[in-house]
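Trainee: pasting the sequence and the predicted model now:
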Amino acid sequence: MFFDYSYIVLVMPAVLFAMWASSRVNSTFRRYQGQLSRRHISGAAAARAVLDANGLYNVRIEHISGQLTDHYDPREQVIRLSDGVYSGTSTAAIGVAAHEAGHAIQYAENYAPIRFRAAIIPITNIGSQLALPLVLIGLFFMSAGQVFVNIAYAGIACFALSTVFQLVTLPTEFNASRRALAAIESGRLLDEDELVGARKTLSAAALTYVAALAVSLAQLLRLLVIVGGRRRD
């Protein structure tokens with residue numbers, strides 16, 4: 001099941017794309033990490049400026065270890081910035097920090113896609129745990145009757161929930177980046193020529209989410225091909 005032609009034809013191209021996207025975001029961040037802002041504003045200060053400009057004084061900013069582990073935690077209302085972003089004064093750091101502030105703004109404004117994404121996380125987690133066992137049970141016992149065919153398709157439906165999650169993630173990430181760049185420009189955090197570094201860093205990061213969706217779609221299609229093929233047999 002795991003080494004048939006469908007994996008090579010359907011999934012492998014998406015996996016290679018995801019690997020390239022991950023490599024590109026890291027190389028782009030490293031490149032613009034060397035482009036220091038003329039105003040010497042740190043990522044933490046940039047995020048604070050964006051938050052305050054939108055009245056989000058209650059959102060905290062904390063340091064977290066690692067590289068590009070930056071994220072916004074809506075439950076605790078805190079932005080956690082990684083080593084190179086929290087105290088970094090590069091155009092890349094400012095872009096990433098402002099992006100996370102963009103997510104905080106989305107929650108404050110009840111931006112529909114991010115609220116929907118947050119709402120489906122519990123069911124998506126359950127679905128991801130059930131998907132493969134259900135598909136395997138259905139495949140192994142499919143010859144025993146229609147009920148096992150239905151179990152296999154139930155597993156595919158569970159897996160599809162993660163694809164929906166990846167799909168909804170795209171508009172939230174693109175929107176957060178647009179908010180970040182607009183806030184950087186309106187707040188004069190970077191000069192016009194420096195915006196290029198922040199923009200390219202965020203564009204490279206966005207590709208990783210496109211790649212994640214591509215991998216999920218390819219895996220979903222593969223499961224449909226496998227179950228459909230076994231059912232015909």
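Mentor: Yep, that arrived.

Trainee: tally of neighbours for E62?
Mentor: Other residues lying near E62 total 12 when counted by other CB atoms under 10 Å. No exception for glycine: its C-beta is placed from N, CA and C like everyone else's.

Trainee: for this structure, what's the longest helix?
Mentor: Criterion DSSP state H: the longest helix present in the chain is helix 146-186.

Trainee: what packs against that one?
Mentor: When contacts are defined as 3 or more CB pairs under 8 Å, 6 or more residues apart in numbering; DSSP states H and E, helix 146-186 sits against helix 43-53, helix 91-108, helix 112-140, helix 195-232.

Trainee: let's see that with 6 Å instead.
Mentor: Counting contacts by 3 or more CB pairs under 6 Å, 6 or more residues apart in numbering; DSSP states H and E, helix 146-186 is packed against helix 91-108, helix 112-140, helix 195-232.

Trainee: tell me the most buried of those?
Mentor: Ranked by mean neighbour count, the helices and strands packed on helix 146-186 are led by helix 91-108 with a mean of 27 (mean count of other CB atoms under 10 Å).

Trainee: give me the angle between it and helix 112-140.
Mentor: 90 degrees (axes from the mean of the first three to the mean of the last three CA atoms, to 10 degrees).

Trainee: quick one: least confident helix or strand in this protein?
Mentor: helix 5-6 (a mean of 80; mean pLDDT, DSSP states H and E).

Trainee: picking that back up, mean confidence for the longest helix of the chain?
Mentor: Model confidence over helix 146-186, given as mean pLDDT, is 95.

Trainee: tell me the angle that helix makes with helix 112-140.
Mentor: Going by the same axes, to 10 degrees, helix 146-186 makes 150 degrees with helix 112-140.

Trainee: distance between helix 146-186 and the chain's centre?
Mentor: 9 Å (CA atoms, centre = their mean, to the nearest Å).

Trainee: now the angle from it to helix 195-232?
Mentor: Using the same axes, to 10 degrees: helix 146-186 against helix 195-232 is 170 degrees.

Trainee: can you tell me the closest non-neighbouring residue to the spatially most central residue of the chain?
Mentor: Centroid-nearest residue in the chain, with CA atoms, centre = their mean: Y209, separated by 4.6 Å. Of all residues not flanking Y209 in the chain, E173 sits nearest, at 5.0 Å (CB to CB, 6 or more residues apart in numbering).
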